[in-house]
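> Predicted coordinates and the sequence they were generated for:
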Amino acid sequence: MAKICIVGAGSIGCYLGGRLLAAGADVTLVGRARIGDELRTHGLTLTDYRGGHWQVHAADVDYVTEPDVAATADLVLVTVKSAATASVADELKPLLRPGTVVVSFQNGLGNADVLRAALPQQTVLAGMVPFNVMQPGPGAFHQGTAGELEVAASPALGTFLDTFQRAGLPLVERADMASVQWAKLLLNLNNAINALANRPLKEELSQRAYRRCLALAQTEAMRLLVRAGIQPAKLTPVPPAWIPRLLATPDAIFTRLGGKMLAIDPLARSSMSDDLAAGRTTEVDWINGEVVRLADRLGQRAPVNAQLCALVHAAETAATRPNWSGNDLLAALRSAT
């Protein structure tokens, strides 16, 4: 049986690892001591927005705080925050066997490149987790939105495809992974808006003012992608170029048409919102900041996404977490253009 190691087992890592464990896979989780203590007491409870439920008893969860266990792994899933990618790559470099498959299941665009540069003897692949995972209680992880795992196509994945299929997490292989990552990033531009709104995703997206904020951010990004000759993949029933127009429609129209874009649990929030709630540094620089960096490379500006970065950074250090109304946030973004 293939050995799988998940490095950076927070919400995403514990959910993926838990689903794999529930299906009988050999999985070791590597992460913070706090989460390890929770799992040793409560085990893992996995649920999803469709009513799915899986349980892994505490005795069956192998959770450690040091990545040494990766030395015997056949597959390593990296799920750390983007800011930690370089340090994790340095930790893994002396441990991994040549040929070990490493998949970056992280936000942003360049994490697989960082890993690949540090791990030239391994097979490093970019991956994408399309769904949101929240932690409703100790040892409990809930998939709140829809989607399937996507990863750069490679013959090296063949050994592991059945394992993920049995877990109900099929790996969709893509030859156009860069386009997939940009498409995911366009959707993730809402993470900052959701974090600033401090509301569940479904409630936020039901209000036109917040959707118009996202439409501004996406329109700005799409304009830059066209200049750069980048065509984002179609991840929802609506093509990426059409989404900003759909977002800007009145609530009644969006409710009728937009509900097919993405199934969302009523309690789900963005990971960035969860980070602000927990007092953690967010990944805004690897999401909205990617648009700003693309603009810089093209000699252009991205004022909307730059403003979202600035507002989220201000929220990270604020004494009291802000709760932006849709109209106020829309006005703040428009004033930046």
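Here it is on my side, so go on.

> So what touches the helix or strand where Ala315 lies?
Assigned by DSSP states H and E, Ala315 belongs to helix 303-317. Residues outside helix 303-317 that contact it (C-beta atoms under 8 Å, 6 or more residues apart in numbering): 189, 192-193, 195-196, 216-217, 220-221, 272, 276, 281-282, 284-285, 288-289, 291-292, 321-322, 324, 329, 332-333, 336-337. Every residue, glycine included, has its C-beta placed from N, CA and C.

> of these, buried ones?
189, 192-193, 195-196, 216-217, 220-221, 272, 276, 282, 284-285, 288-289, 291-292, 322, 324, 329, 332-333, 336 (16 or more other C-beta atoms under 10 Å).

> Which residues are in contact with Phe164?
Contact analysis of Phe164 by C-beta under 8 Å, 6+ apart lists 20, 149, 170-171.

> Then Leu247?
211-212, 214-215, 218, 254, 258.

> Now, the contacts of Phe164 that are in strands?
If you go by DSSP state E, those have 149, 171 in strands.

> quick one: which of the contacts of Phe164 is most hemmed in?
Of all those, the highest neighbour tally under other C-beta atoms under 10 Å goes to Leu20, namely 24 neighbours.

> Show me what counts as buried in the lowest-mean-pLDDT helix or strand in the chain.
Across the helices and strands of the chain, mean confidence by mean pLDDT, DSSP states H and E is lowest for helix 251-257: a mean of 85. For helix 251-257, the neighbour count (16+ other C-beta under 10 Å) marks Phe254 as buried.

> Restricting to C-alpha, output the following helix or strand past that helix in PDB.
As assigned by DSSP H and E, the chain's next helix or strand after helix 251-257 is helix 271-278. Backbone C-alpha positions of helix 271-278 (Å, rounded to 0.1, in the frame of the first residue of the first chain) are rendered in PDB as follows:
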ATOM      1  CA  SER A 271     -10.300  30.400   4.500                       C
ATOM      2  CA  MET A 272      -9.200  34.100   4.700                       C
ATOM      3  CA  SER A 273     -12.200  34.900   6.900                       C
ATOM      4  CA  ASP A 274     -11.200  32.000   9.100                       C
ATOM      5  CA  ASP A 275      -7.600  33.300   9.300                       C
ATOM      6  CA  LEU A 276      -8.800  36.700  10.400                       C
ATOM      7  CA  ALA A 277     -11.100  35.200  13.000                       C
ATOM      8  CA  ALA A 278      -8.100  33.200  14.400                       C
END
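
> Show me what helix 271-278 is in contact with.
With contact meaning C-beta under 8 Å, 6+ apart, helix 271-278 is reached by 11-12, 107, 132-135, 191-192, 194-195, 198, 281-284, 287, 312, 315-316, 321.

> Mind checking which of those residues land in helices?
11-12, 191-192, 194-195, 312, 315-316 (DSSP state H).

> Please convert those residues to TSV, extending it with pLDDT and distance to Pro303.
TSV is the format used below for the ones in helices among the contacts of helix 271-278 (pLDDT from 0 to 100; distance: C-beta to C-beta, whole Å):
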residue	pLDDT	distance to Pro303
Ser11	94	32
Ile12	96	31
Asn191	96	18
Ala192	98	14
Asn194	98	20
Ala195	98	19
Val312	98	15
Ala315	97	19
Glu316	97	20
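
> Any chance of those residues in CSV with distance to Ala228 as columns?
Below are the ones in helices among the contacts of helix 271-278 laid out as CSV (distance: C-beta to C-beta, whole Å):
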residue, distance to Ala228
Ser11, 32
Ile12, 28
Asn191, 22
Ala192, 21
Asn194, 26
Ala195, 27
Val312, 24
Ala315, 29
Glu316, 29
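
> what's the closest of those residues to Arg297?
The closest of the ones in helices among the contacts of helix 271-278 to Arg297 turns out to be Ala192 (C-beta to C-beta; 20.9 Å).
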